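**Student:** sequence first, predicted coordinates after that:
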Amino acid sequence: MPPVLPEAGGIREDWREGGFGVYVHWPFCAAKCPYCDFNSHVRTGIDQPRWRRALVAEVARVAREVPGRRVGSVFFGGGTPSLMEPATVGAVLEAVDRGWGLEHDAEVTLEANPTSVEAERFAGYRAAGVNRLSLGVQALDDRALKRLGRLHSVAEALAALDLARARFPQVSIDLIYARQDQTLEEWEAELARAIGLGIDHLSLYQLTIEAGTRFGELHARGILRGLPQPALAGGMYEATQAICTSAGLPAYEISNHARPSNESRHNLVYWRYGDYAGIGPGAHGRLSLGSGRFATETLRQPEEWLAAAEAGCGESGRTILTDEDQATEMLMMGLRLAEGVAVERFAALAGRPLPRDAVAELAGLGLVTAADGRLRATGAGRLVLEAVLRRLLA
């Protein structure tokens, strides 16, 4: 069982500003992509019924601890959740509904890779209750897909997209830009092609080189060639904003673009600093318990987590978040959003207002705006958001 912790300060009901969701982590992939630093592992012979029972048990455990709520969103992430059997997805959703109750219009997202084998499972996922598919296309260029370590081709991605759109009410695709040897013109053409597919939600990420990845190793050795200079990467970001906005897909978050009413409701739980249960290996959560809010985390290694979950609890620890911690996290997450953050909410959490001199200075530099009781990062501010946050939290 999780450790018994002392009472903590905090605003018990602050989580309602962002809602309540459930994140389920499936840690397995068919292959490890060289840029990926997520908690993903390659395994053969996965015992799906055993994993199904463990995930269901963990949902039930957390639901007993955090009763009396309704779930507005469930997100199956990874790893590659489209390697899960549809029966596993269905069992987890049934457990969520038993433990808390799913809202009648709950958003249920599953991340998928567009290989033909996984695409055949789409009908099963839809029958299990998934109503939003996030498809990891990553590139509309076969050479780039190979360099990114992806196992699918552009043709397979487009075929999977057609199948997904026939099955699911909402479909999103992921793309990575600022790739090796990619020009601005090539990215603009690729993005225009993606928008031409009629997608209502796009997650568009700059390639980042993370320590502990294959790309990170190659970069440290000085042999990862063709990465763009910062000016080119920045130009790609600015072009992305302009192209998507003109196409009716404005950025509602730094890397996420959607037509109105097609935003990811689950990810908004994070960015609006709601509560969420983290289920599965390496999953993080934020839960308001008693008089405080806690950061939760689970064991990262799949086999360790599985054994612990079967023994009664897959958590590895909890940390009490002080009022200042909560205010800081809320600001860090909320300024990623175009809607920004409510300044009164920050003051209620932190017990102090945002520093007026810092806000005025940043506004004078064109990095933030303060109006209608909300603080927002401008387009220029989102480009240097870490610096903006450092100034506000100094």
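**Tutor:** Perfect, I can see it now.
**Student:** where do the strands of the stretch 251-394 of the chain begin and end?
**Tutor:** 251-253, 256-258, 275-279, 284-289, 292-298, 315-321, 341-342, 368-371, 374-377 (DSSP state E, counting those that start in this stretch).
**Student:** will you turn the ones you listed into JSON lines that also has mean neighbour count?
**Tutor:** C-beta here means a position set from N, CA and C on the backbone, and glycine is covered the same way. Formatted as JSON lines, these follow (neighbours: other Cβ atoms under 10 Å):
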{"stretch": "strand 251-253", "mean neighbour count": "20"}
{"stretch": "strand 256-258", "mean neighbour count": "24"}
{"stretch": "strand 275-279", "mean neighbour count": "25"}
{"stretch": "strand 284-289", "mean neighbour count": "20"}
{"stretch": "strand 292-298", "mean neighbour count": "21"}
{"stretch": "strand 315-321", "mean neighbour count": "17"}
{"stretch": "strand 341-342", "mean neighbour count": "22"}
{"stretch": "strand 368-371", "mean neighbour count": "16"}
{"stretch": "strand 374-377", "mean neighbour count": "20"}
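**Student:** which stretch among these comes nearest Trp26?
**Tutor:** strand 275-279 (10.0 Å; Cβ to Cβ).
**Student:** picking that back up, compare the strands of the stretch 251-394 of the chain and give me the one nearest Arg150.
**Tutor:** Set against Arg150 and scored by Cβ to Cβ, the strands of the stretch 251-394 of the chain come closest in strand 256-258, at 20.7 Å.
**Student:** which elements pack onto the closest one?
**Tutor:** strand 201-206 (3 or more Cβ pairs under 8 Å, 6 or more residues apart in numbering; DSSP states H and E).
**Student:** tell me the mean pLDDT for the strand it packs on?
**Tutor:** Across strand 201-206, the average pLDDT comes to 97.
**Student:** what bridges to Val108?
**Tutor:** When bridges are taken as DSSP bridges, the partners of Val108 come out as Val74.
**Student:** repeat that for the one 4 residues further on.
**Tutor:** For Ala112, the beta-bridge assignment (DSSP bridges) gives partners Leu135.
**Student:** residues contacting it?
**Tutor:** Contacts for Ala112 were tallied using Cβ atoms under 8 Å, 6 or more residues apart in numbering; they are Thr80, Pro81, Ser82, Glu118, Ala119, Phe122, Leu133, Ser134, Leu135, Gly136, Ala160, Ala164.
**Student:** for it, give me the pLDDT.
**Tutor:** You'll see Ala112 listed with a pLDDT of 95.
**Student:** cool, and Glu13?
**Tutor:** For Glu13, pLDDT reads 84.
**Student:** so, low pLDDT: which residues of the stretch 201-350 of the chain?
**Tutor:** Along the stretch 201-350 of the chain, segments meeting pLDDT under 70 are nowhere present.
**Student:** stretch 301-314: how far from the chain's middle?
**Tutor:** Its chain's C-alpha centre and that of stretch 301-314 lie 23 Å apart, by Cα atoms, centre = their mean, to the nearest Å.
**Student:** so what touches that stretch?
**Tutor:** With Cβ under 8 Å, 6+ apart, stretch 301-314 has contacts from 1-2, 27-28, 41, 43, 50-51, 53-55, 57-58, 61, 279-282, 298-299, 315.
**Student:** can you rerun that using 10 Å?
**Tutor:** If you take Cβ atoms under 10 Å, 6 or more residues apart in numbering as the criterion, stretch 301-314 is touched by 1-3, 25-28, 39-41, 43, 46-47, 50-51, 53-58, 61-62, 79, 278-283, 297-299, 315-316.
**Student:** which element, helix or strand, includes the residue nearest to Ala239 when sequence neighbours are not counted?
**Tutor:** Nearest non-adjacent residue to Ala239, counting by Cβ to Cβ, 6 or more residues apart in numbering: Glu188, 5.6 Å away. Under the criterion of DSSP states H and E, Glu188 resides in helix 184-196.
**Student:** C-alpha coordinates for that helix, CSV please?
**Tutor:** C-alpha atoms of helix 184-196 as CSV (Å, rounded to 0.1, in the frame of the first residue of the first chain):
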residue,chain,number,x,y,z
LEU,A,184,12.4,25.3,-44.1
GLU,A,185,10.8,24.9,-47.5
GLU,A,186,10.5,21.1,-47.0
TRP,A,187,8.8,21.5,-43.7
GLU,A,188,6.4,24.1,-45.0
ALA,A,189,5.4,21.7,-47.8
GLU,A,190,5.1,18.8,-45.5
LEU,A,191,3.0,20.7,-43.0
ALA,A,192,0.7,22.0,-45.9
ARG,A,193,0.3,18.3,-47.0
ALA,A,194,-0.7,17.3,-43.5
ILE,A,195,-3.2,20.1,-43.2
GLY,A,196,-4.6,19.1,-46.6
